[in-house]
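Chemist: A structural model of the following input is requested.
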Amino acid sequence: MSSDDRHGDRSFHAFWADTVADEIEASEPEEPIVIKGGVSPSGIPHLGHFNEILRGHFVAEVLRERGHEVRQVFTSDDRDPLRKLPRRLADADWNVVELGYVDAGALGKNLGKPYTDIPDPFGECHDSYGEHFADLLSQAADMVDVPVEVLSNTEMYESGEFEPQIRTILENVETAREVLADYQNSVDESYSPFRVVCQECGIVTTDVTVTDLDEGIVSYACTGMTAGGRDIEGCGHEGEATLRDGKLSWRFEWPAQWSLLGVDFEPFGKDHAEGSWPSGEEIMREVLGEEPPVPMTYEWFTLNGEPLSSSEGNVVTVPEVLELLEPEVLRYFFALDPNKARDFDVSRLDQLVDDFDRFERAHFGDVDDEELTRVAERAYPFVVDEVRADRVRLPYTFAAVLGMVDDRHLRLQMAQNEGHIPEDAPEWVVDDALARVEKARAWAERCDNAYNYRLQPDLPDAAFDDAVAAALDELAAFVEAGNDGEAIQGEIYETAKRHDIEVGDLFAAGYRLFFDQTQGPRLGEFMGELDREFVVQRLRRDG
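Modeler: Prediction:
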């Protein structure tokens, strides 16, 4: 029984995706219910694109749970023209490189041309620039176990699938202009909702007039376009084209997609809420004569406090994120309230993971927080691949501490010493728990933070004066007596005082013995988590 049912009020839901599902059901959609997202493949598919993919996925899963057939699609708006050269790109193996890594001059000559008419900047791994980045997006969706049907706008234009919508818009072009004029000042009596890809130079031109709509023929003059903040001159060619040789402007293309695909729901960022969505909604009703899909506006999140941007290069990719945390933690981030702005701060991923762990415990009734428990009871099963109460999660920063150790047996022993993994835990629990260690280790390396150290398996070559050596021997006896990490940390200060040496010198000696460096983590606490015999031997310089 869901928490919503127990509260006896289906109109109030703990999980936002249930509320959206109610709205979709109320619109009485035909099956399959179509959920859509979309992006112009201008550059690296980044985490921001997963706002639509994962939020759409949660709604799709709720609807499937209710017995509906659902189709989740994602359009690659790949007939859009390249307007600006991105600062960074990603090759087929997700290696992120600066623009200078590819032939930027050759790429720059393609400004104004559709993404699918531009050669892949990385050679022959894909047929075009557009296909390259759409394929990366599809791969990223698979990495978080979200099956999405990626559709190419170019293919739909070239196959004629868009023709009915284009014809309807051009047949009602006066109404189309009137509607759009309320949202754009540049709309006049010559404005055409349909653009043509010039047969001579390949750029998308806007100087288009209908010649024979029955035959689907338009005339055009290649007068150029604005891209990348500058005007691109057209080649001057004049000719005729079919409705398969161009594309609708964005304001009309979006509702045309809804009509063509039978879209019932589409989430979108708040930047579309005041312009693109209202105009698309009106175009859908007044020009295409259909009802628009159920909308959902979500807040953008920032990356390390700055806006995400493919063109500016401030991005983090799904493969990068999955090196640092589990897929279910990433899905949890997108399961949170879409109306609240958040920052994805890589340097503070430990906080995100801690929040997820608490959310997970709340699902099993182990957190004294009624609101969190209510949300977790409902949403948690949509976040994880499998609900298992016996799973063990190591605290992320403790996992980072274990990442300082290479030996798996020592990692397990440290985790058991701290009570995180039971002595009798089955092998799958151990493997699952320790899998987080490599991710936390990668995080420490990426951020070069306080956990980016490595325990030396062999005794480093280090010499100490008599006072420091005696202090290390005395500290070894304290550890051998069975004291815990907190006590060891305090004893380092006391031992230094008794031997009349600088506290920093004793810490530096310990860091040299364990890490072959002069600094490191909280030394006493770290030693308390290691095997006692190993620590004693190392402090006594015995190996």
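Chemist: biggest helix in the protein by residues?
Modeler: Secondary structure of the chain read by DSSP state H shows that its longest helix is helix 427-447.
Chemist: and the next helix-or-strand element following that one, what's buried?
Modeler: Per DSSP states H and E, the first helix or strand lying C-terminal to helix 427-447 is helix 466-480. Buried residues in helix 466-480, counted by 16 or more other C-beta atoms under 10 Å: V468, A471, L472, L475, A476, F478, V479. Just so you know, the C-beta spots here come from the backbone N, C-alpha and C atoms, and that holds for glycine as well.
Chemist: show me the shaky parts of the protein.
Modeler: The chain contains residues with pLDDT under 70 at 1-11, 228.
Chemist: give me the contact list for the longest helix of the chain.
Modeler: Residues from elsewhere that reach helix 427-447 (C-beta atoms under 8 Å, 6 or more residues apart in numbering): 323-326, 346-347, 349-350, 390-394, 396-397, 399-400, 402-404, 408, 411-412, 415, 420-422, 425, 449-452.
Chemist: for stretch 198-207, same thing?
Modeler: Defining contact as C-beta under 8 Å, 6+ apart, one finds that stretch 198-207 is touched by 79, 81, 110-114, 117, 192, 195-197, 220-225, 232, 234-235, 237, 239, 241, 245-247, 249.
Chemist: burial check on the nearest residue to G48 once chain neighbours are set aside, number of neighbours?
Modeler: Excluding its sequence neighbours, the residue lying closest to G48 (C-beta to C-beta, 6 or more residues apart in numbering) is L308, at 4.0 Å. The local packing of L308 (other C-beta atoms under 10 Å) involves 19 other residues.
Chemist: contacts only, for L308.
Modeler: By C-beta under 8 Å, 6+ apart, the residues touching L308 are H46, L47, G48, W300, F301, T302, N314, V315, V316.
Chemist: let's see that with 10 Å instead.
Modeler: L308 makes contact with H46, L47, G48, H49, N51, W300, F301, T302, N314, V315, V316, F344 under the criterion C-beta atoms under 10 Å, 6 or more residues apart in numbering.
Chemist: picking up where we left off before, how about the buried residues of helix 466-480 in CSV, adding distance to P86?
Modeler: Formatted as CSV, these follow (distance: C-beta to C-beta, whole Å):
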residue, distance to P86
V468, 55
A471, 57
L472, 55
L475, 55
A476, 57
F478, 58
V479, 54
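Chemist: sort out which one of those lies nearest Q537 for me.
Modeler: Nearest to Q537 among the buried residues of helix 466-480: A476, at 8.3 Å, using C-beta to C-beta.
Chemist: give me the neighbour count for the nearest residue to the closest one once chain neighbours are set aside.
Modeler: Sequence neighbours aside, L539 is the residue nearest to A476 in space, at 3.7 Å (criterion: C-beta to C-beta, 6+ apart). Neighbour count for L539, taken as other C-beta under 10 Å: 23.
Chemist: wait, doesn't L539 sit right on L475?
Modeler: Yes - L539 lies in contact with L475 (C-beta atoms under 10 Å); the separation is 5.6 Å.
Chemist: next, show the common contact partners of these two.
Modeler: Taking C-beta under 10 Å, 6+ apart as the criterion, L539 and L475 both touch A509, G510, M527.
Chemist: among those residues, name the ones in helices.
Modeler: A509, G510, M527.
Chemist: mind putting those into TSV with distance to V367 and neighbour count?
Modeler: Compiled in TSV, these are given as follows (distance: C-beta to C-beta, whole Å; neighbours: other C-beta atoms under 10 Å):
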residue	distance to V367	neighbour count
A509	42	24
G510	37	24
M527	32	25
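Chemist: need those in CSV with distance to F364, can you?
Modeler: Shown next, in CSV, are these (distance: C-beta to C-beta, whole Å):
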residue, distance to F364
A509, 45
G510, 40
M527, 34
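Chemist: which of the residues you listed lies closest to V97?
Modeler: Taking these together and measuring to V97 by C-beta to C-beta, the closest member is G510, at 41.2 Å.
Chemist: quick check: the gap between that closest one and S347.
Modeler: Here the criterion is C-beta to C-beta, to the nearest Å. By it, G510 lies 27 Å from S347.
Chemist: okay, how far is it across stretch 418-426, tip to tip?
Modeler: Stretch 418-426 has an end-to-end distance of 18 Å (criterion: C-alpha to C-alpha, to the nearest Å).
Chemist: same check on stretch 477-493?
Modeler: This stretch, stretch 477-493, spans 15 Å end to end (C-alpha to C-alpha).
Chemist: now do the contacts for H126.
Modeler: A92, P119, D120, H132, F133, A134, D135, L136.
Chemist: these two touch, right, the first one and P319?
Modeler: In this case it means A92. No - with contact defined as C-beta under 10 Å, A92 does not reach P319; the gap is 11.9 Å.
Chemist: find residues that contact each of those two.
Modeler: With C-beta under 10 Å, 6+ apart, A92 and P319 have common neighbours L136, Q139.
Chemist: burial measure for T168, as a count.
Modeler: For T168, the neighbour count with other C-beta under 10 Å is 16.
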